[in-house]
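A.B. asks: Quick one, fold the following:
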Amino acid sequence: MDYQQFVELVQRELPYLSREQADRAAQATFQTLAERLSRGQARDLVEQLPGSGPWLFTQTDAEPFDYDEFVLRVAKREGVDETTAERHARAVFAALGRAIDPAELHDLIAELPEDFGPLVAEAQGRFDQLMPADEFVRRVSERAGLDLDEGGRAVEAVLQTLAERLAPGEVDDLNARLPRAFHPALKQGKARQDVAMRRMDRAEFLQRVAERASVPTETAFVLARAVLTTLREALPGEEFWDITAELPAEYAVLWPAR
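C.D. replies: I've put the predicted structure just below:
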């Protein structure tokens, strides 16, 4: 498939865009991807998509930026907001998953960090496994008897505290499986980690949630259970149990049994 045929695939993913707009979205995504990939991988991708060279060839070595920075760079290049840029980048990756052979897709994915999960999911045709932020907040709000604004604050408070308690690798896994709206809370929690926080018991966990959400400790229990129950629904397969396996047994009351 050549680059012009690829743009047609992108436009099918984003039918409300003109061809020129779909082309601009593809260019912005490819230019940014080229900054994240090794030169060899970028060349391999050009071989799969003749005509994409102007956007994929780069003179720099791979830069180790994360998913949020990727979206920010796409947004700046395309001249759109970050929400739109993320939607467009996902469409480009969905088209990419259909345009290149599986072995090349595997090699491409191998060079991307764990938090690029939303783009990888699109390329592999399994985006339906990722729960949107508004749906996540809606479920939390219903479970805890909150309005949506309160539900959003509850999600941030619990996720930030959870990120303080988990191993860094597990936080990265959550970043890969949850929408960008929740990434700042996870990153803030990860940045605050220390040995003492990694030993945080359930009482201290709930106290920190209470302080962040400005609620009593007993209400923090309700919020934490609502968020963690929804998190279990949002993560595919056994990933929730992989993430929570390192928590002490006393935490188990914060989510439903298997």
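A.B. asks: Can you give me the buried ones in stretch 132-143?
C.D. replies: Buried residues in stretch 132-143, counting neighbours by 16 or more other Cβ atoms under 10 Å, are found at Phe136, Val137, Arg139, Val140, Ser141, Arg143. Heads up, the C-betas are built off the backbone N, CA and C, glycines and all.
A.B. asks: That should have said stretch 172-190, apologies.
C.D. replies: Taking 16+ other Cβ under 10 Å as the basis for neighbour counts, the residues of stretch 172-190 that come out buried are 172-183, 185-187, 189-190.
A.B. asks: who touches it?
C.D. replies: 67-68, 71, 82, 86, 113-118, 120, 130-133, 136, 155-157, 159-164, 166, 168, 171, 234-236, 239, 242-243 (Cβ atoms under 8 Å, 6 or more residues apart in numbering).
A.B. asks: can you give me how far the host helix or strand of Leu9 is from the chain middle?
C.D. replies: Of the helices and strands defined by DSSP states H and E, Leu9 is found in helix 3-13. Its chain's C-alpha centre and that of helix 3-13 lie 24 Å apart, by Cα atoms, centre = their mean, to the nearest Å.
A.B. asks: One more: stretch 95-107?
C.D. replies: Average the C-alpha atoms of stretch 95-107, do the same for its chain, and the two points are 20 Å apart (Cα atoms, centre = their mean).
A.B. asks: cool, and stretch 131-138?
C.D. replies: Stretch 131-138 has its C-alpha centroid displaced from the chain centroid by 13 Å (Cα atoms, centre = their mean).
A.B. asks: what pLDDT, on average, does it get?
C.D. replies: Summarised as a single mean, pLDDT over stretch 131-138 is 91.
A.B. asks: now do stretch 47-56
C.D. replies: Across stretch 47-56, pLDDT averages out at 88.
A.B. asks: Buried residues, that stretch. List them.
C.D. replies: Within stretch 47-56, the residues scored as buried using 16+ other Cβ under 10 Å are Gln48, Leu49, Ser52, Gly53, Trp55, Leu56.
A.B. asks: How about the fourth one: what's its closest non-neighbour residue?
C.D. replies: Pointing back at Gly53 there. Val46 (4.8 Å; Cβ to Cβ, 6 or more residues apart in numbering).
A.B. asks: swap in the third one?
C.D. replies: Excluding the flanking residues, the one nearest Ser52 by Cβ to Cβ, 6+ apart is Tyr3, at 4.4 Å.
A.B. asks: if I read this right, the one you found contacts Val46, doesn't it?
C.D. replies: No - counting by Cβ atoms under 8 Å, Tyr3 sits too far from Val46 to count as a contact (9.0 Å).
A.B. asks: next helix or strand past the helix or strand harbouring Gln31?
C.D. replies: Taking DSSP H and E as the definition, one finds Gln31 inside helix 19-36. Past helix 19-36, heading to the C-terminal end, the next element that is a helix or strand (DSSP H and E) is helix 39-48.
A.B. asks: which strands and helices sit next to the helix or strand just after that next one?
C.D. replies: Once the chain leaves helix 39-48, the next helix or strand it forms, by DSSP H and E, is helix 53-56. With contacts defined as 3 or more Cβ pairs under 8 Å, 6 or more residues apart in numbering; DSSP states H and E, the secondary structure elements packing on helix 53-56 are helix 19-36, helix 39-48.
A.B. asks: most packed of the ones you listed?
C.D. replies: Of all those, helix 19-36 carries the top mean neighbour count, a mean of 21, counting by mean count of other Cβ atoms under 10 Å.
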